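Chemist: Got a predicted structure plus its sequence, pasted below:
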Amino acid sequence: MALRMFDTLVPLVLPSVPGAPYPLVLKYIREAAIRACETTLLWRHAEPPFVLQPGSYENFFRKPIGTVVHVVFRASCNDQPLARVSFEDALDMYPAWAQRFNGLTPDQLWAGTDPDTLNAEEFNEQLFNGDADINLPPEATEGGGSPRIFTQINPDKYVVLPLPNDEQPYTLKLFYALKPTKVATGMDETILDELEDVVIHGALQHLLVMPKVVWGDPMMASYHAKQYLKTVTERRARANLGNSRATLTVRFNDFA
């Protein structure tokens, strides 16, 4: 993923706010980019599929550095869609969900695993840091099964329920919308190019309305606020439609 830095937009904003400090302009550009991503949902990401660990319901998003997951569009397990539910609904449906490996202690969990496979002092024929043969006790996945629901815990973490058992591999696929973090220095080049005018208008509408500054201009702030709303709405509609173009069909009701 090629990055474009937020500071590339500073020269496009500064002429409209003469005298504004460079760091302040950069800050408002970043904040405008975050809002634009939240509103348009244009920055979309398909996470590489991976196999869930039996007995463990909790996972972290495997997303690009400097990003936050804003909206999850779809989650599927073995190509079957998972129901996306709220945190409260997940608690109601699976009240004992917060028991990773069914609450087994580390000693109980590793009792059936050859200790020589972990922290070995000598190299073997396997690739360095290759997968070890871990034998989970049956109690670790008791009551588990094929995951049916997905719920996001925070911008970095989510859970799938019930606990994945060890009867078969469960491959998870995720599709979601991203936004930059509050300390990001840039974002995906293609997305920022698409949102450039949205971000510029969004930054200026706030910079120009700041009180007691030499560059303040309420009338121009109002102009940029209207332009921001216009452009962000257009980008949101474009993101929803994509590159497809549907044909509009009108059907009249039959008269008796």
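Modeler: Good, I have the coordinates. Numbers count the residues shown, from 1 in each chain.
Chemist: SS state for the spatially most central residue of the chain?
Modeler: By Cα atoms, centre = their mean, the mean C-alpha position of the chain lies nearest to residue 69, the distance being 1.9 Å. Here residue 69 is recorded as strand under DSSP: H, G, I helix; E, B strand; the rest coil.
Chemist: Am I right that it is in contact with residue 152?
Modeler: Yes: the criterion here is Cβ atoms under 8 Å, and residue 69 meets it with residue 152 at 7.2 Å. Where C-beta positions appear, they are placed from N, C-alpha and C, glycine not excepted.
Chemist: and the top helix by length along the chain, which residues are buried?
Modeler: Criterion DSSP state H: the longest helix present in the chain is helix 218-241. Of all the residues in helix 218-241, those buried under the rule 16 or more other Cβ atoms under 10 Å are 220, 221, 224, 225, 227, 228, 231, 232, 235, 236, 239.
Chemist: and the gap between the first one and residue 26?
Modeler: Read it as residue 220. 20 Å (Cβ to Cβ, to the nearest Å).
Chemist: and if you look at the second one?
Modeler: In this view, residue 221 and residue 26 are 19 Å apart by Cβ to Cβ.
Chemist: Could you do the third one as well?
Modeler: Note on residue 224: its distance to residue 26, by Cβ to Cβ, is 17 Å.
Chemist: next one: the last one
Modeler: For residue 239, the distance to residue 26 under the criterion Cβ to Cβ works out to 25 Å.
Chemist: Which residues outside the stretch of helix or strand residue 176 belongs to are in contact with it?
Modeler: Using DSSP states H and E, residue 176 sits in strand 171-180. The contact list for strand 171-180 (Cβ atoms under 8 Å, 6 or more residues apart in numbering) reads 30, 33-34, 37-38, 41-47, 49-52, 59, 61, 63-64, 66-79, 147, 160, 186-188.
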